[in-house]
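> mind looking at a prediction? Sequence and model below.
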Amino acid sequence: MPELGKVGGQFFRETIYPHLGTDREDVRIGPQAGVDFGVLDIGGQALVGATDPLAPPPGLGLGRAGRCAPRVVRAAVALLLGYPPLPAVGFSLPPEMTDAQFGDAWRAMDDRARELGVSVATGHTARYAGVQFPWVGAATILGVGDHEEVIRPDGAQPGDALLVTTGPASETAGLFASMFPEQLGLDAETVAAGQARLDDVACVEDALALAEFDTHAMHDATECGVQGGLVEMADSAGVRVDIDRDAFTYADGVRAVCDAIGVDPLQVTSSGTLLVAIDPDDAERAVERLDEQGTPAAVVGTVSAGEGVFESGERLEHPGSDPSWAAYDEYRSER
């Protein structure tokens, strides 16, 4: 297990997977490495659920952080079913967080939920000693639909085109430019461009659009970014993925911020970026559809029989631990 970040596939398979309780027929998709959701059969319908931490960075301002915090888990279920889900939200707050601060963050989350037609189903909120920002809870997102509507992250098929939305590292660039603007050593225009990238960290609408096409797999590029997500997609589907690094789109400010903090943009957290295996006949139409709603996208590779992720014939491994974590600790210690 890495010292920071989510556990790796080997640890999951050796330590977690053998001990998941009773086998039940209604669990259609249970926990798997690289598959960050589960599916239950409830009276012939698919109940899809995904759980992720809530980590609103206070350096963003609590209102903006509140809008960002639940996006990952909402996206996870929207990816699978193609429509907005229902969240259950649990907050374990640090004692120093005031009622007014929590209220600001919660109202911002409410604003975004209303934009998406999402209703909070249940939750828990409390203060506890020993809790520290930004890790203040978790959310489980639920959605109900037909089993055949579920788009799995492990569904990539040989012959698929690989499409990537938004581009790598927008989330990382947005976070660092917003929290450490003076420490980056960049000009004001570049910092402002990086800060604007936080507006890219939303992909529910993109998932809904992609569900209109012959899409075989979708996966969100969170911890360890595009490279980590592609390795998870390839391993879970048992396929080979070849990518062209030059084909990726990069939003303004991303490369500059990643260079400043010394990270590879393909390896760092990229919430808002979707990795999509799609029928090649639909790929360009999907790119055009996303462009119509303001999301850049590009076909960056192909899926074939085999295993692993390759760039120019060289195999890419999972980063293991997201490099932006170490950069965050370094910059925070210098404040």
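Cool, the structure landed. Residues are numbered from 1 along each chain as shown.
> next up, the contacts around the residue nearest to residue 305 when sequence neighbours are not counted.
Of all residues not flanking residue 305 in the chain, residue 158 sits nearest, at 4.6 Å (CB to CB, 6 or more residues apart in numbering). The C-beta positions use only the backbone N, C-alpha and C, and glycine is treated the same way. By CB atoms under 8 Å, 6 or more residues apart in numbering, residue 158 lies in contact with 239, 303-305.
> got the phi/psi numbers for residue 158?
phi -50, psi 140 (degrees, to the nearest 10).
> go on, residue 105?
Backbone geometry at residue 105, expressed as degrees, to the nearest 10, gives phi -70, psi -40.
> ok, how many other residues are close to it?
25 (other CB atoms under 10 Å).
> equivalent analysis for residue 53, please.
Neighbours around residue 53, by other CB under 10 Å: 14.
> and residue 100, how far from residue 179?
21 Å (CB to CB, to the nearest Å).
> of those two, which one has the most company?
Remark: of residue 100 and residue 179, residue 179 carries more neighbours, 17 against 8, as counted by other CB under 10 Å.
> ok, the nearest residue in space to residue 94 that is not next to it in sequence - contacts?
Nearest non-adjacent residue to residue 94, counting by CB to CB, 6+ apart: residue 131, 4.4 Å away. Residue 131 makes contact with 92-95, according to CB under 8 Å, 6+ apart.
> can you flag the buried ones in the contacts of residue 158?
The neighbour-count criterion (16 or more other CB atoms under 10 Å) marks 239, 303 among these as buried.
> from the contacts of residue 158, which single one is nearest residue 169?
Among those, residue 303 lies closest to residue 169 (CB to CB), at 22.7 Å.
> now do the same contact list for the closest one.
Taking CB under 8 Å, 6+ apart as the test, what residue 303 contacts is 156-162, 237, 239-241, 277.
> swap in residue 258?
The contact partners of residue 258, by CB under 8 Å, 6+ apart, come to 169, 172-173, 264-265, 268.
> pretty sure it belongs to a helix, no?
Yes - per DSSP: H, G, I helix; E, B strand; the rest coil, residue 258 lies within a helix segment.
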